[in-house]
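Asker: Dropping the sequence and predicted coords here.
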Amino acid sequence: MLSFTARHQLICASRVVEERLKADLVQHVSRLPISWFDTARTGDLLSRLTQDVELLRFLVGPCLMYGGSSLIFLSVGIYLMFSLSLLVALAALLAFVVLLVGMAVLMPKLQKCSQEVQEAIGDISQRGQESFSGIRVLLAFGRAEEESAGMRELSERYLEHNLRLAKLRALVNLFIHSARDVVLMLVGILGAIEVIAGNLTPGEMFTYFALLGVMIWPLIASGWILASFHRAYAAADRIEAIFAVEVESAEGECPTLQGHLEVRELSFTYMGQSQPALEGVSFELPEGKKLGLVGPVGSGKTTLLSLILRLYDPPPGSIFIDGVDVLDIAPSSLRARFAFAAQDPFLFSDTIGNNIDFAGEGEGGDAQAAVFAANLEEDLEGFAEGIETMVGERGVTLSGGQKQRLSLARALHSGRQTLILDDTLSAVDHSTETRILDRLPEVRGDRSMLVSSHRLSAVQDSDLIVVLEKGRVSAIGKHSELLERPGYYATAWQRQSEEQALEGGAD
Amino acid sequence: MARFRGMDEETVNQTLDFSYLRLLWPFVRPYRRAFLACVIMLVLSFLVELAGPYLIRLIIDGPAGDALTEGSEDYSRVWWLGLGLFGSTFAGIFLGYHYTMLTAKNGQRVIRDLRLRLFDHLLRLGPSFYDKNPSGRLVTRITSDVENLNELISTGVLQTLFDLLRIFGILGALFLIDLRLALYTLLVTPLVLGVSLLFRKYARAAYRRVRGCLGRLNAFFSEMIGGMRTVRAFGQEAAVLGHFSKLNRETQGAWRQTVLHFALFFAIVDLVLRWSNAGLLLVGGTGILAGTITIGIFVQFYLYFGKLTEPIKALGEKYNVLQSAFASCERIFKILGETPMPLEVDAPIESQPGPAKLEFRAVDFEYLPNTPILTGIDFQVEPGSTCAIVGPTGAGKSTILSLVSRMYDPSSGQVLLNGDSLHELSLRSLRRRIAVVQQDVFLFSGTVLDNVRLLDPSITEERVRAALEMVGALEFVAALPGGLQAEVEERGAKFSQGERQLLSFARALAADPDILLLDEATANVDSDSEARIQRALGQVISGRTCLVVAHRLSTVRHADQILVMQAGQIAERGRHDELLAQSGIYAGMIKGLG
């Protein structure tokens, strides 16, 4: 009864600690600046949340429990042994100490080795992932045999690491078993000698065997606990490092804004980069107008839009809304103005409807208009549960184009003043894109719109088109003006017209 | 620690199906001697295991007992028996160590062979297989699933048999030692067993819930990190956190349930074990007092009795291991059962390098029954000439290219290379004559050099350099830290789209193919790169037999032949000028372009 209660209480407490720690960690992470996420890898974060938290939990839960009971068992056991016979007890103790030391030495090695094994299987997994994703290239060039050879090499390495791990495991086992068996042997021999010498009765000798049986598990547990201290410290350090990162400031004014956007000599360099992503970008967009943003991949379009949203902090005095520096506006209040649709959108594993109403502020809750404008209505009809269909995991897996259109619908559905579309239609085919572009003005109403796109057809009707090349504004103006100037815009327009023509879409 | 597995695992049957062992045999066969050695070591170690307590009994009842009853001080017998004990102990340790090592080695070798076999097989399955199976799931097959078999192969089967042997062996020994005590044991063992089984039933359900909760929690966390920009942009941090803490609480609840089961189980098993121990002492003690057994015999019995619980517990755990191993087995052999696509004929012709003439003869192709993608395709491409294909998306342009590299076989009709049906050629010799440039340039992790030579060590560094130079890519590659040896990270994220295009041209050039299949990219590159790509294109095309899905006017203008595709058929064909003169579909398509 006592053991039940102790176990239950301690372990449950450790689970509560785990939950709190996870909650705190995630809350902290959710408030970290976006720039932090650029370098953080999801896999690493996930292992902080899972493995490292588990290591700490292990320390407060099982470690404490087994540690406590081990301590009691061992001290009582050792006292009893010594009270029976000094010689036999000393011998048994010696073997125990050897076991403990062996465990303490081997355990860290074992953990390091098992990490290497994990890394080796990670390599195999990554290689496999690449082979399968790039299978068409490999097959087309007839390089399957060479790829196999690469995999063979990785498998051999994995095998070697595994054998090293097996060896260490066998050694640990050897220590445990030999300690048990050697103690048994010592007690058998020395005990007999003591019995013959008249210092011990056979009954007492039996007591020894019984004691040894009771003590062996606490002893092994002690070895484990010693080893896990070491790991838990490292885990705590890694978690602490995340908590040490400063969260994004939430302060600032919450003014009522009209929406006149001005960018003034904006330059921006990502942390850890030497090349600026944007240099001396300036333009002005009155409220209710449409801005088109074009340029080659990597020219800074996404960076510019992210800065306007203040996902990164721009330098002071470079972006203004109604004359107010965005740095002086509280991030939450600023972002509440914008409805954002990204090229690679994030959708929750939730129903399509809930994803569209992500912001929870759709007008009247009816998403029909947004669904229609994003040309999703036919897709929805194709799903058995329509707008209640689950996205991802347990539901349908959406194509890249469908995801983009869903994210467009999400942006349109929220009643926010300014729409930001960051190359949102890149994975959508030509005819669908044309349809969406036709339907967009109606839902847009008199809202401002910032559109970046690699397809010029999407920005053709903008009030202002900004051409970015290598972070600089290389041209600015309306469609008709830009066509007359030689440069990226005119060339790209020619190329895209050819392409469209050869795909038979000229009419 | 259990690796996190995808949640969309296909459901597999839950019973133990031992017929899979037969399928595994070919993989185990090469190492059967080593496995036999394991069996021998197991049996030996079992005998040694039994010997220890027996020797202790001899010591207690022999010299020690005699010392008590007769007052003799026979130390030499103690030493002899002690030496025996010493020997058996170390023999046990020695055997145990080598057994562990050998089983690990056996298991790992079989696993390695199986993994390579599976991987090779996967590489022989055509693109249609990959269309249906997401690569993430296939990775699970070559990692987790193969790993799952490790325990089954290395220790699973052997150890299970051995555990049974141990249980019966020990019980037998117990009966030999003392009937009354043995009968008592028979009475108690089922009780321990019953408690364990009962617990497992509940625990499994509880753990399944935990796994479900954890899976959802971790998946959501990953999503949240991946989507942080969107969350931030919409100001939905609170909603997301709320959902996380809901999942977090659920997980904690599920854990507590298992803790309850576990705590209860340990308490009960502990209780049962203690009672049975107490009972044993009672029965044994009365026996000693009544003089039916000696103390030594009782000690021996007690030590044996302690050894009994181990294999019983192990057997219980084995069930889960076996179950998941068989499930993995089913998934692995399902893939191994897939027919490689396309199949080679028995004695394929080795296609020799040289000028290549391509011919499509009445080719039909359908991917799904009754939805034709190509119908009645007939055309020839003379050696060294360029054939451009134009037409709307979905007209079957890319499919024509896929048929040339034999990614698929035509449903009817023939594709011929220099008069030989592709079907007759060895796949490797055919594909080694072809290079492909796709719209989406796939870069592998590894160095730039590796990516250009695409794993083929026979392509020298000089050739790679020359290829890069010809397409005008050497400049930016040389500027990278490490030059040719620079690492391509994360699928080449650090290269611009134009640079990736040039790298893929270099890859094609380095392979020095007779046939080039090119899907012209919808490039969004700066004017400089555009000009470079145009020049590189000219370099790559010249002197080779080329099939190009064309997106550029300059490409079609210079093509020796243009095929205008519509709904899977060739609607028009000819040179640019000829087609313009026809004023048909093609002329309409490019009307209004410069």
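Answerer: Looks like it arrived, so ask away.

Asker: so where's the chain uncertain?
Answerer: Here I'm looking at chain A. Counting by pLDDT under 70, chain A shows low-confidence ranges at A:1-3, A:361-366, A:392-396, A:505-507.

Asker: hm, I was asking about chain B
Answerer: Checking chain B against pLDDT under 70 turns up B:1-17, B:63-74, B:316, B:320, B:489-493, B:522-525, B:594.

Asker: Work out which residue lies at the spatial centre of it.
Answerer: Chain B has B:Ile142 as the residue nearest its centroid, 1.1 Å off, counting by CA atoms, centre = their mean.

Asker: was I right about that residue contacting B:His121?
Answerer: No: taking contacts as CB atoms under 8 Å, B:Ile142 lies outside contact range of B:His121: 10.3 Å. Every residue, glycine included, has its C-beta placed from N, CA and C.

Asker: The longest helix along chain A and chain B in contact?
Answerer: In chain A, with assignment by DSSP state H, the single longest helix is helix A:144-196. Yes: for a cut-off given as CB under 8 Å from any CB of the partner chain, helix A:144-196 has contacts with chain B, namely A:144-152, A:155-156, A:158-159, A:162-163, A:166-167, A:169-171, A:173-174, A:177-178, A:181-182, A:184-185, A:188-189, A:191-193, A:195-196.

Asker: Give me the helices and strands touching that helix, please.
Answerer: helix A:86-133, helix A:202-243, helix B:32-59, helix B:65-70, helix B:75-124 (3 or more CB pairs under 8 Å, 6 or more residues apart in numbering or on different chains; DSSP states H and E).

Asker: wait, doesn't B:Glu330 sit right on B:Leu24?
Answerer: No: taking contacts as CB under 8 Å, B:Glu330 lies outside contact range of B:Leu24: 11.8 Å.

Asker: When those two are compared, which one has more neighbours?
Answerer: B:Leu24 (19 against 16; other CB atoms under 10 Å in any protein chain shown).

Asker: List of residues touching stretch B:332-352?
Answerer: For stretch B:332-352, contacts defined as CB atoms under 8 Å, 6 or more residues apart in numbering or on different chains pick out B:20, B:23, B:114, B:117-118, B:121-122, B:124-126, B:128-129, B:138, B:141, B:145-146, B:149, B:406, B:408-409, B:417-418, B:420, B:423-427, B:429-430, B:433.

Asker: can you tell me which of those are in strands?
Answerer: B:417, B:420 (DSSP state E).

Asker: filter the contacts of stretch B:332-352 down to the ones near chain A?
Answerer: B:122, B:124, B:126, B:138, B:427, B:429-430.

Asker: which among these gets closest to chain A?
Answerer: Set against chain A, the nearest of those by CB to the nearest CB is B:Leu138 (5.0 Å).

Asker: so what's the closest one up against?
Answerer: A:128, A:132, B:122, B:130, B:335.

Asker: didn't A:Ala342 look like it was pressed against B:Thr230?
Answerer: Yes: at 6.4 Å, A:Ala342 counts as touching B:Thr230 under the criterion of CB under 8 Å.

Asker: For chain A, which segments count as strands?
Answerer: A:261-268, A:278-285, A:290-294, A:319-321, A:324-325, A:338-341, A:418-422, A:448-452, A:464-469, A:472-477.

Asker: any chance of those strands in CSV, with mean neighbour count and distance to A:Gly122 too?
Answerer: Formatted as CSV, those follow (neighbours: other CB atoms under 10 Å in any protein chain shown; distance: least, CB to CB, whole Å):
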stretch, mean neighbour count, distance to A:Gly122
strand A:261-268, 18, 35
strand A:278-285, 18, 36
strand A:290-294, 25, 39
strand A:319-321, 21, 42
strand A:324-325, 16, 46
strand A:338-341, 26, 34
strand A:418-422, 24, 33
strand A:448-452, 25, 36
strand A:464-469, 22, 38
strand A:472-477, 17, 41
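
Asker: related to what we said a few turns ago, let me know the closest of the contacts of B:Leu138 to A:Asp237.
Answerer: A:Asp237 lies nearest to A:Gly128 out of the contacts of B:Leu138, by CB to CB, at 32.4 Å.

Asker: In the stretch 301-450 of chain A, what residue comes closest to chain B?
Answerer: A:Phe346 (2.7 Å).

Asker: In the record's domain split, what are the boundaries for chain A?
Answerer: For chain A, automatic domain parsing gives the domain ranges A:9-22+A:36-243, A:261-506.

Asker: Of all those domains, which one is nearest B:Leu303?
Answerer: Closest to B:Leu303 of the domains of chain A is domain A:9-22+A:36-243 (CB to CB; 6.7 Å).

Asker: coming back round to it: the residue nearest to the centre of chain B and A:Ser155, how far apart?
Answerer: Taking CB to CB, to the nearest Å as the measure, B:Ile142 falls 9 Å from A:Ser155.

Asker: and if you look at B:Ala219?
Answerer: Taking CB to CB, one finds B:Ala219 at 29 Å from A:Ser155.

Asker: Can you pick out the residue with more neighbours from these two?
Answerer: Between B:Ala219 and A:Ser155, A:Ser155 has the larger neighbour count (other CB under 10 Å), namely 25 against 18.

Asker: so the more buried one touches B:Arg112, yeah?
Answerer: Yes: A:Ser155 lies in contact with B:Arg112 (CB under 8 Å); the separation is 4.8 Å.

Asker: Quick check, B:Tyr367 in contact with B:Lys132.
Answerer: No: B:Tyr367 is not in contact with B:Lys132 according to CB under 8 Å; the separation is 11.3 Å.

Asker: Neighbour count: the two, which is higher?
Answerer: Neighbours were counted for B:Tyr367 and for B:Lys132 using other CB under 10 Å; B:Tyr367 has more, 13 against 7.

Asker: Show me what counts as buried in stretch A:328-346.
Answerer: Residues A:329-331, A:333-346 are the ones in stretch A:328-346 that count as buried (16 or more other CB atoms under 10 Å in any protein chain shown).

Asker: residue in the stretch 351-500 of chain A nearest to chain B?
Answerer: A:His454 (4.0 Å).

Asker: Tally up the residues packed near that residue, please.
Answerer: Neighbours of A:His454 under the rule other CB under 10 Å: 23.

Asker: quick one: it and A:Phe383, what's the gap?
Answerer: For A:His454, the distance to A:Phe383 equals 29 Å [CB to CB].

Asker: Equivalent analysis for A:Leu49, please.
Answerer: For A:Leu49, the distance to A:Phe383 - CB to CB - is 32 Å.
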